[in-house]
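>>> Mind looking at a prediction? Sequence and model below.
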Amino acid sequence: MPLIKESSYRPPWWLKNSHLSTVIPSLFREVKDVEYKRERIKTPDEDFIDLDWLKGDNDRLIVLLHGLEGGSDRSYMQGMAKYFNQKSWDVVAYNCRGCSGETNLQPRFIIMEILMMFLALLNILIGHLTIEVDHDRV
């Protein structure tokens, strides 16, 4: 991913504070016409994770991950999903445990689950991850 060294973006004077630029849109932004198709995946510990899909038979896929205590139903997630889907991307929005609108079955904390569930999601989406190691350099 390229690093943006200098941006031409200038926030409005009333949103220069980073906290306000996060809170204000979450209070007033409304995104319409995002109809996910939910896929529930059972986990080895007898729980589940929910994936919300926007598919359009595209050849590109983007994985969206929400912020702490967010979810695919939040306006920033729906806005990104809608934007990329309109640009010919299939979208999957990953919901951490307890963030899909339904209480999970196991008492797990989100912070501990993010890495483990993201790796499980990668395995599901990719099939398996093969890493080649150059043993001469290790």
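Alright, I've got the coordinates.
>>> hey, let's count contacts and neighbours off CA atoms from now on
Fine.
>>> elements contacting the strand or helix carrying L51?
According to DSSP states H and E, L51 maps onto strand 48-54. Packing partners of strand 48-54 (3 or more C-alpha pairs under 8 Å, 6 or more residues apart in numbering; DSSP states H and E): strand 37-42, strand 90-95.
>>> ok, now with 10 Å
strand 37-42, strand 61-65, helix 75-86, strand 90-95, helix 110-126 (3 or more C-alpha pairs under 10 Å, 6 or more residues apart in numbering; DSSP states H and E).
>>> Can you tell me what sits against the shortest one?
Think strand 61-65. 51-55, 71-72, 77-78, 80-81, 84-85, 88-96, 114, 118, 121-122, 125 (C-alpha atoms under 10 Å, 6 or more residues apart in numbering).
>>> For ChimeraX, write the select line for the buried members of the residues you listed.
Applying 16 or more other C-alpha atoms under 10 Å to these, the buried members can be selected in ChimeraX as follows:
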select :51,52,53,54,71,72,77,78,80,81,84,85,89,90,91,92,93,94,95,96,114,118,121
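>>> re earlier: P25 is nearest to which of the helices and strands packed on strand 48-54?
helix 75-86 (8.3 Å; C-alpha to C-alpha).
>>> so that closest one versus strand 90-95, what angle?
160 degrees (axes from the mean of the first three to the mean of the last three C-alpha atoms, to 10 degrees).
>>> how distant is helix 75-86 from the center of its chain?
Relative to the chain's own centre, helix 75-86 is displaced by 10 Å; criterion: C-alpha atoms, centre = their mean, to the nearest Å.
>>> Thanks a lot, see you next time.
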